[in-house]
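1. Provide a 3D model corresponding to the input given below.
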Amino acid sequence: MEALIIIFVVLYSIILHELAHGYVADYLGDYTPRYSGRLTLNPLAHLDPLGSILLPIFTYLTGGFIFGWARPVPVNPFNFKNPKKDMAIVGIAGPLTNIFLALIFAFLFKTLSPILPLNQDIFVFLIRINLVLAIFNLLPIPPLDGSRVFLSFLPMEKQIYLEQFGIILVFVFLYFAFPLIISIVNFLTNLIL
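-> I've put the predicted structure just below:
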C-alpha cells in the first residue's frame, strides 16, 4: 500500500509540474498546451515512453536510483507579449509547484502523520522527491526549467549554442554534482520540518 502511494504521488508530482507550465503558458496567451491536450491530469498525456518508463527502470536496476523525465509541455514563445519574460515565468512554474507540494507534505507530516496508519518516512520521502524535482529543474542547463529563467538574459545565439549541448551537460552535472543537490535537499527538508 505504501509503495503504491509513493508511486502515485511521485507520478502526480511530475504531472503537476508539467501542468503548471501548461496552465501558466495558457494564462499568458500561448494556447499550444491546450491544443496539444496537455492541460489534463491523465498521466498518458504526460508520460514519455523512454524518459518515464524505460530509463527509470534501467537506472533503478543498474544503479539503485531513479532518473527520468516526463514529456515536456510544448510552448510557443512567439505567442507571448513579452517572450523572454513570459518564458521565464512559464519555466519557474514547474519548480514552484514542486516546492508548494513539498510544503503540503510537510504540513501533512506535522498534522496528520501521527493519526494516519502510514509510515511517517513516506511524508519525508515525498517532501524530498519534490525538492529534488524543484532544485534539479532550476539548474540553468537546457533543457531544464532553470535555463528558461536564468539564460533568458543571454543573447539568443548563446542560448541556442548551449541548447545543443544541454543534455550532455545535464548528465555531466548529475555525475559530478548530484551530491550537492542532495545536500541542499537535506538542508531544506530539515528547514521545513
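2. excluding its backbone neighbours, what's nearest Ile184?
-> Ile135 (5.6 Å; C-beta to C-beta, 6 or more residues apart in numbering). From N, CA and C alone the C-beta is placed, and that goes for glycine too.
3. neighbours around that neighbour, how many?
-> When neighbours are counted by other C-beta atoms under 10 Å, Ile135 registers 19.
4. swap in the one 3 residues further on?
-> The criterion is other C-beta under 10 Å. On that basis, Leu138 has 22 neighbouring residues.
5. secondary structure element for the nearest residue to it once chain neighbours are set aside?
-> Leaving out its chain neighbours, the residue that sits closest to Leu138 by C-beta to C-beta, 6+ apart is Gly146, at 4.2 Å. Using DSSP states H and E, Gly146 sits within helix 145-150.
6. mind checking how far His17 is from Glu2?
-> In this view, His17 and Glu2 are 23 Å apart by C-beta to C-beta, to the nearest Å.
7. isn't Phe67 right up against Leu174?
-> Yes: taking C-beta atoms under 8 Å as the definition, Phe67 is a contact partner of Leu174 at 7.3 Å.
8. can you find the helix or strand of this structure with the lowest average pLDDT?
-> Every helix and strand in the chain was compared by mean pLDDT, DSSP states H and E; the lowest is helix 55-63, with a mean of 78.
9. and it, what does it pack onto?
-> Packing partners of helix 55-63 (3 or more C-beta pairs under 8 Å, 6 or more residues apart in numbering; DSSP states H and E): none among the helices and strands.
10. chain center to that helix, what's the gap?
-> Mean C-alpha position of helix 55-63 versus that of the full chain (C-alpha atoms, centre = their mean, to the nearest Å) differs by 19 Å.
11. measure the residue most central in space within the chain to Phe153 for me?
-> With distances taken as C-alpha atoms, centre = their mean, Leu133 lies nearest the centre of the chain, 4.3 Å away. For Leu133, the distance to Phe153 equals 24 Å [C-beta to C-beta].
12. repeat for Gly51
-> Gly51 sits 28 Å away from Phe153, going by C-beta to C-beta.
13. higher neighbour count, those two?
-> Taking Gly51 and Phe153 together and counting by other C-beta under 10 Å, Gly51 has the greater number of neighbours (15 against 10).
14. Provide a list of residues in contact with the more buried one.
-> 68-71 (C-beta atoms under 8 Å, 6 or more residues apart in numbering).
15. can you pull out the low-pLDDT segments for this protein?
-> By pLDDT under 70, the weakly predicted segments of the chain are 64-65, 117-118, 156.
16. hmm, back to that, the residue nearest to Leu138 and Ala134 touch, don't they?
-> No: taking C-beta under 8 Å as the definition, Gly146 is not a contact partner of Ala134, at 10.1 Å.
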